[in-house]
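Peer 1: one predicted model, sequence on top.
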Amino acid sequence: LPDNKLAQEAINITLYHWGLHGWVVYTIVGLILALMAHREGLPLTMKSCFYPLIGDKIFGWPGDLVDILSVIATLFGVCTSLGLGTMQINEGLHLMNSDIPVGTDSQLIIIWSITVVATGSVLTGVKYGIRRISEGCFCLGLALMLCVLFLDNTVYLLNLYVQSMGYYFQWIIQLGFHSDAFEQLGPSAGAEERGRFIPDGFLTTDGPSGWMNGWTIFYWGWWIAWCPFVGMFIAKISVGRTIKEFIAGTMAAPVIYVFMWMIIFGGAGLRMEREAAQNDLCCHNIDMSRVVNLAIASPDGLISVDDGLCATKDCNVCANNLLAKTIEDGMTYQELKMETEMFSKPEWWGKTTVSRNLTRLSCRKTEEMWFDMMMSYGDLGNFLSGFSLISLILYFVTSSDSGSLVIDCLASNGHPEPPRLQRVIWALIEGLTATALLVAGGKQALTALQAMSIATGLIYTILMCVACLALWRALQVEGGDLDPNGPTFDVDLLDPFFTDPFDEVLSKISSTSKLFLQFLINLVLAPLTVAKTSSRVFSSSTFWPVLISLSIFLFMFVFLHLLQLAVDGAWALAWISYIAFGSGVSIVRSRARIHLNIPGHPIEDLCVSLLLYPSVALQMEISTHPGKMLKKINNKNEEEKINKGFSYSMDSVPAIVINSKVA
């Protein structure tokens with residue numbers, strides 16, 4: 001592709017990774033949490049997201065498990081960002097003052113400086129320290145962005161913003177569904193036979209096979225892993241907002257601002273990279289220490305490619321071009337040494353200009369690129385670099401104090417004002433964790449922790465899908481389209497697993513144990529149980545067809561898995577059999593719902609039938625059993641059966657509302 005096209009694609013992919021697809025994760029979690037906490041009076045913790053689906057069971061072990069995962073994901077995410085940010089701050093300080101070393105000691109001082117300020121901020125709460133620092137960060141970032149906009153090629157950046165926005169909305173659908181399907185097949189072959197042009201230096205016309213995993217999947221995992229932190233914080237500060245205002249505040253405003261930031265700084269970086277390449281700045285592999293030694297040993301010696309000047313055995317293209325130019329100019333080693341001494345570091349020669357107005361950013365470390373950009377703005381370079389450091393430090397302070405507050409709320413079961421001692425403890429734990437990682441393994445250890453944090457994103461991906469259903473159910477109830485006190489199954493799907501609130505588990509241990517035993521029995525005898533239900537909700541003539549067909553499908557699922565030991569590929573047929581089995585169970589469950597006047601959806605029936613078919617079979621058996629249609633198997637009274645959170649009056653809780661006015 002032409003360089004112009006590649007540059008636009010780079011901007012577009014960046015907007016894709018930081019745009020609507022990312023912020024919608026925070027919007028969903030924040031909105032369901034805000035509805036549950038501010039309208040229904042539930043604790044401001046992640047477990048409250050699932051109240052519309054499982055009711056009071058969020059106060060049992062399932063809810064606590066969700067909160068524990070949220071604490072771990074938030075702690076790991078904040079500590080990783082704190083550690084990586086500390087490295088960048090250290091690099092910036094070193095570039096501004098070479099007397100400040102880049103190393104663990106400097107980074108530990110930075111970490112604990114941030115931790116101390118964040119601890120003081122979190123002690124003051126949201127209304128004072130956290131709010132004021134966040135507002136200050138926003139103002140500093142906005143000022144920095146406007147400085148770059150005006151100091152750089154302003155017309156170019158404004159045109160790039162308009163062009164990139166149009167490009168983004170043109171390709172957003174295609175990008176959102178792109179999954180690198182053909183790249184997963186591995187390298188292709190036969191391009192030359194088909195008359196395809198292969199550029200010099202390339203073996204294939206394929207795209208990079210690891211792109212999706214290294215970038216898009218990484219970003220989605222990172223966004224989702226941070227959803228407990230950001231979602232809870234957004235929900236905490238959203239009291240009094242309507243749903244319309246909430247979505248506008250979490251989807252429109254942040255996305256527009258992020259796009260401005262990425263396009264202005266990304267566009268300025270692309271402009272500098274192109275101009276640096278035009279001025280013959282490139283990523284050479286010349287060993288500058290070898291040049292210095294030769295200048296001392298033979299100051300009048302002419303530069304020669306035969307003197308082993310490159311760090312590796314062979315010089316790269318850039319090094320060959322630079323050396324050829326010096327040889328053509330008849331330059332000696334002493335003259336080259338004197339030229340390199342004009343730079344802060346000898347290895348900067350050939351990669352940046354003496355005035356630092358141009359730098360080949362692709363040749364620099366990630367932590368250095370930002371400050372290379374700031375230094376390119378002439379006399380204001382040092383000021384902007386220092387300004388950036390202050391902004392960067394405050395950004396990590398506000399991330400740390402916000403993360404500490406969220407963890408405090410989770411650990412205190414959603415207490416709006418967690419104890420101050422607990423706030424201090426969690427803030428210090430974040431600092432200690434980041435310190436331990438830096439001391440133990442540096443960036444490698446932080447990257448490993450980052451991978452663990454992203455791995456929790458896999459779990460939260462599933463929970464996010466469930467949260468979407470919970471949000472839809474909550475909005476149906478709030479909008480009056482669903483009666484929360486309407487008919488339901490006599491047994492919940494999670495009842496056999498001792499999921500009641502902890503203060504009720506012991507009192508119901510006998511009935512729950514019976515349910516658990518019946519669950520185990522239905523692992524094998526579910527076809528019989530479902531067939532009985534079918535005879536009640538359809539007709540008695542369906543008993544044997546349902547029993548035989550479901551029994552065959554369930555048997556084949558087990559048998560074909562065993563057959564896999566001898567016949568390769570039998571597992572595929574096994575799962576086809578299981579899907580057929582689950583589909584049959586879901587058909588009966590849908591009919592049972594209609595028979596009992598229970599609202600629901602066939603897709604929901606299919607999902608729960610595939611995931612928990614023994615519970616589904618047990619649920620239908622008890623709810624449709626003659627004489628037990630109105631009796632609760634766990635002896636819950638009618639007050640417990642009501643979904644308490646939704647029984648509150650909508651006029652009594654002034655928080656997020658459906659219409660445009662605050663209740």
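Peer 2: Right, received. Where do you want to start?
Peer 1: so which residue is dead centre in this protein?
Peer 2: With distances taken as C-alpha atoms, centre = their mean, residue 223 lies nearest the centre of the chain, 1.7 Å away.
Peer 1: could you measure from it over to residue 466?
Peer 2: Counting by C-beta to C-beta, to the nearest Å, the separation of residue 223 from residue 466 is 17 Å. Just so you know, the C-beta spots here come from the backbone N, C-alpha and C atoms, and that holds for glycine as well.
Peer 1: could you do residue 387 as well?
Peer 2: In terms of C-beta to C-beta, residue 387 sits 44 Å off from residue 466.
Peer 1: name the SS class of the nearest residue to the residue nearest to the centre of the chain once chain neighbours are set aside, please.
Peer 2: Nearest non-adjacent residue to residue 223, counting by C-beta to C-beta, 6 or more residues apart in numbering: residue 22, 4.5 Å away. Three-state assignment for residue 22 (DSSP: H, G, I helix; E, B strand; the rest coil): helix.
Peer 1: where in the chain is pLDDT low?
Peer 2: Applying pLDDT under 70 to the chain flags the ranges 1, 191-192, 195-205, 443, 446, 449, 453, 627-663.
Peer 1: list the contacts of the nearest residue in space to residue 349 that is not next to it in sequence.
Peer 2: In this structure, residue 349 finds its nearest non-sequential neighbour in residue 340, 4.5 Å apart by C-beta to C-beta, 6+ apart. Residues near residue 340 by C-beta atoms under 8 Å, 6 or more residues apart in numbering: 288, 291, 292, 346, 348, 349.
Peer 1: for this structure, identify the residue most remote from the centre.
Peer 2: Distance from the C-alpha centroid of the chain peaks at residue 300, with 57.9 Å (C-alpha atoms, centre = their mean).
Peer 1: buried stuff in stretch 510-526?
Peer 2: For stretch 510-526, the neighbour count (16 or more other C-beta atoms under 10 Å) marks 511, 512, 515, 516, 518, 519, 522, 525, 526 as buried.
Peer 1: ramachandran angles for the third one?
Peer 2: Put plainly, it is residue 515. Phi and psi for residue 515, reported as degrees, to the nearest 10, are phi -60, psi -40.
Peer 1: excluding its backbone neighbours, what's nearest it?
Peer 2: Counting by C-beta to C-beta, 6+ apart, residue 496 is the residue found nearest to residue 515 once chain neighbours are left out, at 4.1 Å.
Peer 1: for residue 242, phi and psi?
Peer 2: According to degrees, to the nearest 10, residue 242 has phi -80, psi 170.
Peer 1: residue 72 versus that one, what's the distance?
Peer 2: In this view, residue 242 and residue 72 are 33 Å apart by C-beta to C-beta.
Peer 1: next one: residue 530
Peer 2: Separation of residue 530 from residue 72 (C-beta to C-beta) stands at 39 Å.
Peer 1: which one of the two has more residues nearby?
Peer 2: Using other C-beta atoms under 10 Å, the more surrounded residue of residue 530 and residue 72 is residue 530, with 29 against 16.
Peer 1: what residues are up against the more buried one?
Peer 2: By C-beta under 8 Å, 6+ apart, residue 530 lies in contact with 546, 550, 584, 585, 588, 617, 620.
Peer 1: do that again at 6 Å, thanks
Peer 2: With contact taken as C-beta atoms under 6 Å, 6 or more residues apart in numbering, residue 530 is in contact with 550, 585, 588, 617.
Peer 1: excluding chain neighbours, what is closest to residue 466?
Peer 2: Per C-beta to C-beta, 6+ apart, closest to residue 466 is residue 50, 6.5 Å.
Peer 1: helices of the stretch 551-663 of the chain, residue ranges please.
Peer 2: 570-596, 602-611, 613-623, 638-641 (DSSP state H, counting those that start in this stretch).
Peer 1: winner for burial among those?
Peer 2: When the helices of the stretch 551-663 of the chain are scored by mean count of other C-beta atoms under 10 Å, the highest mean neighbour count falls to helix 613-623 (a mean of 25).
Peer 1: and that one, C-alpha only, in CSV?
Peer 2: Taking C-alpha atoms only, helix 613-623 is exported to CSV below (Å, rounded to 0.1, in the frame of the first residue of the first chain):
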residue,chain,number,x,y,z
TYR,A,613,-29.3,-29.1,31.8
PRO,A,614,-29.6,-31.0,35.1
SER,A,615,-30.9,-27.8,36.8
VAL,A,616,-33.3,-27.1,34.0
ALA,A,617,-34.7,-30.6,34.2
LEU,A,618,-35.1,-30.4,37.9
GLN,A,619,-36.6,-26.9,37.6
MET,A,620,-39.3,-28.1,35.2
GLU,A,621,-40.0,-31.3,37.1
ILE,A,622,-40.7,-29.5,40.3
SER,A,623,-42.6,-26.5,38.8
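Peer 1: for it, packing partners?
Peer 2: Applying 3 or more C-beta pairs under 6 Å, 6 or more residues apart in numbering; DSSP states H and E, one finds that helix 613-623 makes contact with helix 509-537, helix 570-596.
Peer 1: rerun at 10 Å
Peer 2: Helix 613-623 is packed against helix 509-537, helix 543-563, helix 570-596, helix 602-611, with contacts defined by 3 or more C-beta pairs under 10 Å, 6 or more residues apart in numbering; DSSP states H and E.
Peer 1: tilt between the longest one and helix 602-611?
Peer 2: Using axes from the mean of the first three to the mean of the last three C-alpha atoms, to 10 degrees, the inter-axis angle of helix 509-537 relative to helix 602-611 is 120 degrees.
Peer 1: how far off helix 543-563 does helix 509-537 point, in degrees?
Peer 2: Using the same axes, to 10 degrees: helix 509-537 against helix 543-563 is 120 degrees.
Peer 1: what do you get for the third one?
Peer 2: For helix 570-596 against helix 543-563, the angle between stretch directions is 150 degrees (the same axes, to 10 degrees).
Peer 1: list the helices and strands helix 570-596 packs on?
Peer 2: On a contact count with 3+ C-beta pairs under 10 Å, 6+ apart, helix 570-596 meets helix 509-537, helix 543-563, helix 602-611, helix 613-623.
Peer 1: which stretch among those comes nearest residue 38?
Peer 2: Residue 38 sits nearest to helix 602-611 of all these, at 26.9 Å, using C-beta to C-beta.
Peer 1: name the surrounding residues that touch that closest one.
Peer 2: Helix 602-611 is contacted by residues 53, 465-466, 469, 473, 493, 526, 530, 578-579, 581-593, 600-601, 615-617, 619 when judged by C-beta atoms under 10 Å, 6 or more residues apart in numbering.
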